[in-house]
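Visitor: got a predicted model here, sequence first, then my questions.
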Amino acid sequence: MVHLKDFRIENGKMISVGCGLGEMDYTEILRFMKERKPFIHATLEDTKPENNQQAKEFCQKGSGAETAGREIRHPECCQYCRRHHR
């Protein structure tokens, strides 16, 4: 299992935000998940009803040039999505 979290800097302070909504570069971790652990489970910190679709789409599509256009094999990218989007 992996735990994914993201952040943004606001007024000099680190603010936790939903996965894919901040400044974190997920290129390597998403590539690792796709290529070496395609059925791994992930939890997403700060994923809320108002941002869950954005986080889900971000995980499915990947991030960065290396993963652009290729979906990660497990569309249910986090426990929240599995519970709320069947």
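Guide: Done, it's in.
Visitor: what helix or strand does Gln60 sit in?
Guide: helix 52-61 (DSSP states H and E).
Visitor: that helix - contacts with which helices or strands?
Guide: Counting contacts by 3 or more Cβ pairs under 8 Å, 6 or more residues apart in numbering; DSSP states H and E, helix 52-61 packs against strand 42-44, helix 79-84. Glycine gets a C-beta too; all of them are placed from N, C-alpha and C.
Visitor: lowest-confidence stretch among those?
Guide: If you rank the helices and strands packed on helix 52-61 by mean pLDDT, helix 79-84 sits at the bottom with a mean of 48.
Visitor: quick one: low-confidence parts of this structure?
Guide: 62-86 (pLDDT under 70).
Visitor: all strands for it, in order.
Guide: Listed in chain order, the strands of the chain (DSSP state E) span 2-4, 6-10, 13-17, 42-44.
Visitor: nearest to Ile29 among the ones you listed would be which one?
Guide: strand 2-4 (7.0 Å; Cβ to Cβ).
Visitor: which elements pack onto the closest one?
Guide: Looks like strand 2-4 contacts helix 27-36, strand 42-44 (3+ Cβ pairs under 8 Å, 6+ apart).
Visitor: okay, these, which one's buried deepest?
Guide: strand 42-44 (a mean of 20; mean count of other Cβ atoms under 10 Å).
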